[in-house]
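Asks: when you get a sec, could you give me coordinates for this:
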Amino acid sequence: MIRIIALTDAGQALGMRLQTLLPNSALHFKPKPFADTVQHFFREGDPLLFICATGIVMRTLAPVIESKLQDPPVLVLDELGRFVIPLLSGHEGGANQWGSEVAEAINAQLVMTTANAYLNPVYTLGMGCERDCPLEYLESLMLEAIETVGLQPDQIAGLYSIDIKADETHLIELAEKYQWPFMTYSADALKQVEPLLSTRSEYVFNTVGVYGVAESAALLGAQKLTHASPELCLNKIKNPKATCAVARAYQA
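Replies: Sure thing, here's the model as predicted:
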């Protein structure tokens with residue numbers, strides 16, 4: 001259960017909005033006793049989203065913090081919803097990825113303070129499509145995807161898909177138009193990143209042998225380029241003929 005904790009009236013309003021956006025979440029407005037309640041949630045391993053000052057959060061959680069390998073993810077937001085800060089368990093606990101998703105959902109600025117903020121992000125594009133999908137379907141979806149995450153085409157390191165799309169004419173044309181390398185991977189290779197997928201489609205699995213082409217291809221592409229752990233910065237989006245996802249990994 002995601003615990004949304006708000007301490008002001010403005011924070012409560014934002015919390016109510018977030019509760020509608022985050023499945024399996026509960027809003028706690030000025031819980032009492034505050035420290036005991038919050039520490040209990042933390043010990044239970046519940047992801048925590050605070051709408052208050054970071055100092056309050058740190059002073060409250062300090063007695064129960066154990067290890068980045070065990071602690072649940074913690075986010076802090078200002079009451080106006082302008083900034084999202086992954087505070088604890090950024091990498092191992094998933095707070096960085098979760099923070100990115102929350103920031104995207106409410107159109108806020110993600111404030112990264114972990115080591116990755118000083119590394120170079122490498123962004124990759126994964127796409128799947130119907131056979132002979134027209135270029136306009138691919139290009140419009142690609143532009144929507146990169147605009148959503150605030151990128152420009154020249155920030156994309158490559159276009160990736162599954163090997164049965166290696167001869168897909170308009171995927172090749174799209175990559176050439178934007179001067180991206182176009183690479184494809186076998187279903188077996190794409191299975192390496194299966195645990196990182198946001199959703200799993202049985203239909204896609206029964207058709208091509210993986211649970212999601214766009215996300216898998218983007219993730220594996222980022223991993224191969226950097227030899228680092230990849231993450232999705234845009235879960236799969238789609239139109240009637242294609243799917244698209246954006247992944248990233250960090251390199252020094």
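Asks: C-alpha from now on. contacts and neighbour counts both.
Replies: Noted.
Asks: the protein: helices as residue ranges?
Replies: Ranges of helices in the chain, per DSSP state H, are 9-21, 34-43, 54-61, 95-106, 135-148, 169-177, 187-190, 202-208, 213-226.
Asks: just to check, residue 160 is in contact with residue 123?
Replies: No: counting by Cα atoms under 8 Å, residue 123 is not a contact partner of residue 160; they are 11.2 Å apart.
Asks: looking at the two, which one has more neighbours?
Replies: Each of residue 160 and residue 123 has its neighbours counted (other Cα atoms under 10 Å); residue 160 has more, 33 against 26.
Asks: quickly list what that one is bridged to.
Replies: residue 126, residue 183 (DSSP bridges).
Asks: distance of it relative to residue 120?
Replies: According to Cα to Cα, to the nearest Å, residue 160 stands 20 Å off from residue 120.
Asks: who are the contact partners of residue 251?
Replies: Residue 251 makes contact with 119, 120, 121, 122, 226, 228, according to Cα atoms under 8 Å, 6 or more residues apart in numbering.
Asks: could you pick out the buried ones from those?
Replies: Neighbour-count burial (16 or more other Cα atoms under 10 Å) is assigned, among those, to 121, 122, 226.
Asks: can you tell me the closest non-neighbouring residue to the last one?
Replies: The spatial neighbour of residue 226 that comes closest, neighbours along the chain excluded (Cα to Cα, 6 or more residues apart in numbering), is residue 251 at 5.6 Å.
Asks: next one: the first one
Replies: Closest residue in space to residue 121, ignoring its immediate chain neighbours: residue 250 at 4.5 Å, by Cα to Cα, 6+ apart.
Asks: I figured the one you found hits residue 224, correct?
Replies: No: Residue 250 is beyond contact range of residue 224, at 11.3 Å (criterion: Cα under 8 Å).
Asks: domain parsing for this structure?
Replies: The chain resolves into domains spanning 2-117, 119-251 when parsed by automatic domain parsing.
Asks: lowest average pLDDT across the ones you listed?
Replies: Among those, domain 2-117 carries the lowest mean pLDDT, at a mean of 88.
Asks: what's the distance between the residue of the chain positioned farthest from its centre and residue 40?
Replies: Most distant from the centre of the chain: residue 33, at 33.3 Å, with distances by Cα atoms, centre = their mean. From residue 33 across to residue 40, the span is 11 Å (Cα to Cα).
Asks: now do the contacts for residue 80.
Replies: 10, 11, 14.
Asks: can you rerun that using 6 Å?
Replies: Listed by Cα atoms under 6 Å, 6 or more residues apart in numbering, residue 80 has no contact partners.
Asks: might you report the residue contacts of the closest residue to residue 10 other than its chain neighbours?
Replies: Spatially, and ignoring its direct neighbours in sequence, residue 10 is nearest to residue 79 (5.7 Å; Cα to Cα, 6+ apart). Each residue near residue 79 by Cα under 6 Å, 6+ apart is listed here: 10, 11, 51.
Asks: how many residues are close by the residue nearest to residue 52 when sequence neighbours are not counted?
Replies: Nearest residue to residue 52 in three dimensions, chain neighbours excluded: residue 78, at 5.8 Å (Cα to Cα, 6+ apart). By other Cα under 10 Å, 18 other residues sit near residue 78.
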